[in-house]
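Participant: Model the following, please.
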Amino acid sequence: MTEDQRSRKALVPEAKISYDQALKAATGAVSGSKGVSVELKRGSGGKPEWVTEVAGEDGKAGTVRVDAVSGKAGAPEAKKNDDDDMRELADRLKRATVTPQQAAATATGRKSGTVTAVELDTNDQKKEIWSVDVVTKNDWNKTTFDVDAASRKILREHVDRD
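Facilitator: Prediction:
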């Protein structure tokens with residue numbers, strides 16, 4: 001087993017709160033926001049936490065850390081974005097008609113496992129995608145799916161066996 005696999009094996013079972021529960025807590029902490037990303041990490045003190053990014057319609061983004069055991073959202077931390085970054089993020093959110101939950105459902109429909117990250121991004125073809133990481137508990141590999149943020153079509157699938 002690789003170091004990454006051991007790390008996932010230690011972290012994933014500790015999280016009692018799923019990615020979608022964490023996103024709900026994070027968007028609840030910032031009124032009118034939408035989820036941009038969520039990732040399971042080992043937080044300070046060694047506890048598992050979901051690090052989320054949320055943004056309003058204006059593209060103003062912030063980070064909300066959600067305890068992966070209790071589901072409690074911490075205080076939002078504003079990100080320092082310039083006007084161009086905010087406009088770009090607002091436009092990407094508008095073009096992303098697929099929700100993070102729909103993208104994750106598409107990915108787990110292809111490969112059963114635990115969603116450990118979802119992030120709105122653009123691929124090399126400048127297409128909005130949701131990048132979804134799914135960890136399988138039988139081998140602790142991580143598969144990353146690029147899901148089209150408009151059609152839910154899987155554009156890319158990559159298995160990380162490290």
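Participant: how much space between the residue nearest to residue 147 when sequence neighbours are not counted and residue 47?
Facilitator: Counting by C-beta to C-beta, 6 or more residues apart in numbering, residue 147 lies nearest to residue 103, which is 4.1 Å off, once chain neighbours are set aside. Any C-beta I mention is one placed from the backbone N, CA and C, and that applies to glycine too. The gap separating residue 103 from residue 47 is 27 Å, by C-beta to C-beta, to the nearest Å.
Participant: Between the two, which has more neighbouring residues?
Facilitator: residue 103 (26 against 14; other C-beta atoms under 10 Å).
Participant: which phi and psi does the more buried one have?
Facilitator: Dihedral pair for residue 103: phi -60, psi -40, per degrees, to the nearest 10.
Participant: Would you confirm that it contacts residue 152?
Facilitator: Yes. At 6.9 Å, residue 103 counts as touching residue 152 under the criterion of C-beta atoms under 8 Å.
Participant: and stretch 103-118, which residues are buried?
Facilitator: 103-107, 113-118 (16 or more other C-beta atoms under 10 Å).
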